[in-house]
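Participant: Mind looking at a prediction? Sequence and model below.
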Amino acid sequence: MELLYFGDKGWGDELFFATLMTIAVSITAMIIGFIFAALFTPLKLSNNKFLNSIGNAYTTVIRGVPELLVIYLFFFGGSGAIMFVASIFGYNDYIEINAFLTGSFSIGIISGAYSTEVFRGALQSIDKGQFEAAKVLGFNKYIYFFKIILPQMLRLAIPNLSNVWQITLKDTSLISVTGLVEIMRQSYIAAGSTRDPLFFYSFAAVLYLMLTFLSMQLLNRLETKYSKGY
Amino acid sequence: MDIELMINSFPKLLNATLITLKLLSVSLILGLFIGLGFAILRMNNNKLINKFAYGYSHIFRGTPLLVQIFIIYFGLGQIEYLRTTFLWVVLKEPYWCAIIAFSLNTGAYTSEILRSAFQTIKPGYLEAGRSLGIPSKIIFTKIQIPIAIKQSLPAYGNEIILMLKGTSLASTVTLMDLTGVAKYIISTTFKPVEVFIVAGGIYLFMTFIIHNVIKYLEKKYGFQT
């Protein structure tokens, strides 16, 4: 237990901040994923064949390729791509992107593909009459989407979104390969310097279990809140 | 775009795909047995056994696969006692450590898939079997298992694809699987996009085949229940 003391003696405070980092990356990735989902869900539902195939390509490629490979692409390719864009504008110095941003962005793209599928499924299972009724009643676009479609969609999407959250949370362990100090990376460092990998990796497992368990409790509460009246 | 690199790296990556496929098939077979075992334990009426099986699937589904591999590969070697037993022959090899982690992980997911498949079988079928005087062993093998296979195929197909992606983590314990070789080529040539296209293409091709095989099986076992 001495290994977990806070301060210089133990790894308690380091692991605490690493856990906060994991939570921060997961939330950022989830939000980036929502942005991607908001962009690609309309494409997947579009009648235009070209737009539709773009949407399908995104979800198929991301869900068919290992997360680690996607992370390597952004880790090794990210600064190169940004430097290329910068060189067009006449900036030729080396640019290094922040590990937090690379990590959240790559996990966000992955999480976005899953969210897109969830939103698509939820939108498709809303009764067609709801869309028609809202149009017939002459609501403007804002009310049509935010007051009629979105609340119904969220109710259907929340149970599946909590699955996406679990996947995203667990995927953040993979960005330890890029050197961002989250739970996995911190355990790796601690295990290396104390030569006690069994303890630290098991403790990391406990931390992840706690995170998944607590977030499940919260999301279940949200689910009951939004399924009121049904 | 460096086409030459893409062509040159293709055979290397294809060679590494063999390891990926080996890891996938061995851990899926072992995982299926583990999953079936735990699904049966989950349906047991004894509360303690039930809790144990639930705890197993909860722990393995609630933690990242990476942690599980690291505990088995780096962690277990630390126990002095294990080093003296025959288990050490297995546990010192990264290949077997990866297989153990993958099998236990996919076993947990498979047990959940099979459990829900068994539980959704209409009680009428079992009652019909029992009232016809069929022994419970035969009810299990001839009625419950075929229906459960049919019910669980779509979810199991997803699990196979998730596992295919999961095998990429073997590269973190020094195994040179498809992702491992891809990372090696990326870090020596600094051409991530080209390598990603080739390696990603191979992965997508495998997902495509798995997807279609499952679809075919779903059609084949598509009897009405």
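Facilitator: Thanks, I have it.
Participant: pLDDT averaged over stretch A:182-202 - what is it?
Facilitator: Stretch A:182-202 shows a mean pLDDT of 90.
Participant: residues of it that come out buried?
Facilitator: Using 16 or more other CB atoms under 10 Å in any protein chain shown as the test for burial, stretch A:182-202 gives A:182-191, A:196-202. Every C-beta, even on glycine, is put in place using the N, C-alpha and C of the backbone.
Participant: hmm, it touching chain B?
Facilitator: Yes. Interface with chain B: stretch A:182-202 contributes A:184, A:187-188, A:191, A:195-198, A:201-202 (CB under 8 Å from any CB of the partner chain).
Participant: how about the residues of chain A near chain B?
Facilitator: So far as CB under 8 Å from any CB goes, chain A lies against chain B at A:60-61, A:63-69, A:72-73, A:75-77, A:80, A:166, A:170-171, A:173-174, A:176-177, A:184, A:187-188, A:191, A:195-198, A:201-202, A:204-205, A:208-209, A:212-213.
Participant: In helices, which of those appear?
Facilitator: Of the positions in these, A:60-61, A:63-64, A:67-69, A:72-73, A:75-77, A:80, A:166, A:170-171, A:184, A:187-188, A:191, A:197-198, A:201-202, A:204-205, A:208-209, A:212-213 sit in helices, assigned by DSSP state H.
Participant: By mean pLDDT, flag the weakest helix or strand of chain B.
Facilitator: Lowest by mean pLDDT, DSSP states H and E among the helices and strands of chain B is helix B:80-84, with a mean of 78.
Participant: hang on, the earlier thing: sort out which one of the residues of stretch A:182-202 next to chain B lies nearest B:I161 for me.
Facilitator: A:M184 (23.6 Å; CB to CB).
Participant: ok, the spatially closest residue to that closest one that is not a sequence neighbour - contacts?
Facilitator: With CB to CB, 6 or more residues apart in numbering or on different chains as the criterion, A:M184 has its nearest non-adjacent residue at 3.7 Å, and that residue is A:S176. Applying CB atoms under 8 Å, 6 or more residues apart in numbering or on different chains to A:S176 gives the contacts A:182-185, A:188, B:66.
Participant: let's go with 10 Å and repeat that
Facilitator: A:18, A:22, A:71, A:103, A:182-189, A:204, B:64, B:66, B:70, B:172 (CB atoms under 10 Å, 6 or more residues apart in numbering or on different chains).
Participant: now do B:Y156
Facilitator: Contacts of B:Y156 (CB under 10 Å, 6+ apart): B:28, B:32, B:35, B:106, B:109-110, B:113-114, B:117, B:149, B:214, B:217.
Participant: Now tell me which of those the prediction trusts least.
Facilitator: pLDDT across the contacts of B:Y156 is lowest for B:I149, at 83.
Participant: Could you measure from that one over to B:S171?
Facilitator: 33 Å (CB to CB, to the nearest Å).
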